[in-house]
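[1] this is a predicted model, with the sequence first.
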Amino acid sequence: MIDINLIREQTTFVAEALAKKGWKVNFDELLEQDAQRRTLRQVVENNKAEQNRLSASVPVVKKAGGNINELFAKVKQLKLDNEAKELELNSLDSTINKVLFELPNLPDSDLLAGGKENNKVIHVFKKAPSFDFKIKDHVELCESLGLIDYKRAAKISGNGTWIYKGLGAMLEWALINFFVSEHIKDGYEMIIPPHILNYESGFTAGQFPKFEEDVFWLEGMSPRRFLLPTAETALVNFHRDEILTEEELPHKYFAYTPCYRSEAGSYRTEERGMIRGYQFNKVELVQYTKEDQSDVAFEELVGKARSLVEKLGLHFQISKLAAGDCSHSMARTYDIEVWIPSMGIYKEVSSVSNARDYQARRGLMRYRDKETGKIKYLHTLNASGLATSRLVPAIVEQYQTKDGEVIIPEVLRPFMGGIEKISLPR
RNA sequence: GGAGCAAUACCCAAGUUGGUGAAGGGGCUUCCCUGCUAAGGAAGUAGGUCGGGUAACUGGCGCGAGAGUUCGAGUCUCUCUUGCUCCGCCA
């Protein structure tokens, strides 16, 4: 959430920053309402103060034998006078909040304006593998090798789903295991969160109110709850309404969860197979930091995501996203994109983002400054580490042989009982 | 799903309405004694949030959440949420 005070004091700055994200905002009306709210608040609060004063004097007057009924009437009248104004104040609050809650985060100043077209590749690992045979795409490979079963998934579930089976399931699980072990090694605390979250969690993360349609809501639960679209939503809410001590920071968490997304109507032929589905697997990293630690944390997260893909030996690139391509809640995002040979394109397997204080403001996540004793907002960051369901296509395609087999990346072998390659079933 | 109990500040905890953020501990800060530690004594501090003010300071809210009764609610009423105990069901 953007601080209303910032909007008031640096209106042009905020508007220009949002414009880089493609948001054309005019704050005139908002600021007008804000000004109204501030004067109205003074009036209402002064009235309340008077009410409080009079009420407090009741026992004193009573003791002195004064006229209490007069006081009663006075307070009652003050209360009546205030009623309409209070309603107006409330309605101003919700009008202002409606706008405020939907505004995206401000992009960092070094980001280029505009969308995808202005993303900048800032790092490339390896060259795209070249093949001296006709390559197969991951759907073909996974089916012929018996790794994925799309047909039965359609039978037991429906479109947008798939079944990992046999070595396919083992490969997916090996990736998860590999990532888990790396994150534990790096001192991240492992979390297994609930997959069913309440509205407040979606709000704090910044998904709601804007993207309520993109998640699966559960029927029959009151108050309503939804399936997490990423573990970030759970992890970034751990310290909601909390004040941490400086010693606890930075705090680093990770979790593996499936991610459930409705994203209705967003499917394209480019995204057949396992590129996009209603449910996919991802290991997610989250850091809570002080404001002056978040840049370092960001680099650490980029480094971690990068090193994981490197260890898998995959050709990939890192893109620094233009302001408009960063997620709604994020001030800055780098994507790690892995090469999918059959498509000739790069697909995101990790998104590393710094939300700065955007989520912290929404969820009142703070820490106490040791020096000054003051309360400050935390910074939150998150990174996929990594999206395993997107990696399997990259691995089978980049590691395919002319016989239609797939070599297992070395780092995964210990997690797959030492198997070196996946052969065609006899 | 049924029945009962609970929800107070960083933690524990008192408090069935009339001058107040709310006794008391723990904790924390400073000092003293002992002085490696442990233990003891004295004083102090004690939440957050939204406003006003250059500042000192000051106002609103606030005792799980929301609504109500009342001049006045931690304290009464209603709804909800969460936790605990017992029963039922169950991976």
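    Right, received. Where do you want to start?
[2] look up phi and psi at the residue located most distally from the centre of chain A.
    Residue farthest from the centre of chain A, counting by CA atoms, centre = their mean, is residue A:65 at 63.5 Å. Here is the backbone geometry of residue A:65 (degrees, to the nearest 10): phi 80, psi 20.
[3] how near is it to RNA strand B?
    15 Å (CB to the nearest atom of the strand, to the nearest Å). The C-beta positions use only the backbone N, C-alpha and C, and glycine is treated the same way.
[4] same check on residue A:76?
    5 Å.
[5] same thing with residue A:253?
    20 Å.
[6] thinking that residue is in contact with residue A:184, fair?
    No: applying CB atoms under 8 Å, one finds residue A:253 not in contact with residue A:184, separated by 11.6 Å.
[7] got the contact list for the nearest residue to residue A:54 once chain neighbours are set aside?
    Leaving aside its sequence neighbours, residue A:54 sits nearest to residue A:75 (CB to CB, 6 or more residues apart in numbering; 4.9 Å). Neighbouring residues of residue A:75 by CB atoms under 8 Å, 6 or more residues apart in numbering: A:51, A:54, A:55.
[8] so how do I select the buried members of the residues you listed in PyMOL?
    The following PyMOL line selects those of the contacts of residue A:75 that are buried, judged by 16 or more other CB atoms under 10 Å:
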select buried, chain A and resi 51+54
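[9] which of the contacts of residue A:75 sits closest to RNA strand B?
    Distance to RNA strand B across the contacts of residue A:75 (CB to the nearest atom of the strand) is lowest for residue A:55, with 4.0 Å.
[10] show the contacting residues for the closest one.
    A:71, A:75.
[11] just the helices from chain A, written as ranges.
    Here chain A has its helices, by DSSP state H, at A:4-9, A:11-20, A:28-64, A:68-102, A:138-144, A:150-156, A:167-185, A:199-205, A:231-235, A:294-311, A:358-363, A:388-398.
[12] got the angle between the last one and helix A:167-185?
    Angle of helix A:388-398 versus helix A:167-185, following axes from the mean of the first three to the mean of the last three CA atoms, to 10 degrees, is 120 degrees.
[13] ok now stretch A:76-90, how far from the chain's centre?
    40 Å (CA atoms, centre = their mean, to the nearest Å).
[14] buried stuff in it?
    In terms of neighbour count (16+ other CB under 10 Å), stretch A:76-90 has its buried residues at A:82, A:89.
[15] now that stretch: average pLDDT?
    On average, the pLDDT along stretch A:76-90 is 88.
[16] and for stretch A:188-203?
    92.
[17] can you tell me the distance between the two ends of that stretch?
    Terminal residues of stretch A:188-203 lie 25 Å apart, using CA to CA, to the nearest Å.
[18] for chain A, which residues are neighbours of RNA strand B?
    A:4-5, A:38, A:41-42, A:45-46, A:48-49, A:51-52, A:54-56, A:58-60, A:71-72, A:75-76, A:79, A:222-223, A:243, A:364, A:366, A:368, A:375 (CB under 7 Å from any atom of the strand).
[19] weed out the non-buried ones from these.
    A:4, A:51, A:54, A:71, A:75, A:366.
[20] which two of these have the greatest separation?
    Taking CB to CB, the two most distant members of these are A:71 and A:366; they sit 41.4 Å apart.
[21] now do the helix or strand bottoming out on mean pLDDT in chain A: which elements does it pack against?
    Among the helices and strands of chain A, strand A:242-245 carries the lowest confidence by mean pLDDT, DSSP states H and E, at a mean of 82. For strand A:242-245, the elements it packs on are strand A:365-368, judged by 3 or more CB pairs under 8 Å, 6 or more residues apart in numbering; DSSP states H and E.
[22] can you list the strands that the strand it packs on pairs with?
    Next to strand A:365-368 in the sheet, as set by DSSP bridges, lie strand A:242-245 (parallel), strand A:375-377 (antiparallel).
[23] so of those strands, which one's packed in deepest?
    strand A:375-377 (a mean of 15; mean count of other CB atoms under 10 Å).
[24] gap between that strand and the chain center?
    On CA atoms, centre = their mean, the centre of strand A:375-377 falls 21 Å from the chain's centre.
[25] so where's chain A shaky on pLDDT?
    A:264-271 (pLDDT under 70).
[26] quick one, what contacts the closest residue to residue A:88 other than its chain neighbours?
    Nearest residue to residue A:88 in three dimensions, chain neighbours excluded: residue A:40, at 6.4 Å (CB to CB, 6+ apart). Residue A:40 makes contact with A:85, A:88, A:89, A:92 under the criterion CB under 8 Å, 6+ apart.
[27] which residues does the nearest residue to residue A:99 once chain neighbours are set aside contact?
    Leaving out its chain neighbours, the residue that sits closest to residue A:99 by CB to CB, 6+ apart is residue A:30, at 5.6 Å. Residue A:30 makes contact with A:7, A:96, A:99, A:100, according to CB under 8 Å, 6+ apart.
[28] top of these by neighbour count?
    When the contacts of residue A:30 are compared by neighbour count (other CB atoms under 10 Å), residue A:7 ends up highest, at 21 neighbours.
[29] distance of that residue from RNA strand B?
    Relative to RNA strand B, residue A:7 is positioned 11 Å away (CB to the nearest atom of the strand).
[30] repeat that for residue A:404.
    For residue A:404, the distance to RNA strand B - CB to the nearest atom of the strand - is 39 Å.
[31] neighbours around that residue, how many?
    Residues near residue A:404, counting by other CB under 10 Å: 16.
[32] now do residue A:249
    Residues near residue A:249, counting by other CB under 10 Å, number 17.
[33] which stretches of the stretch 201-350 of chain A form strands?
    Assigned by DSSP state E, counting those that start in this stretch, the strands in the stretch 201-350 of chain A fall at A:225-227, A:242-245, A:251-260, A:279-289, A:316-320, A:332-340, A:345-356.
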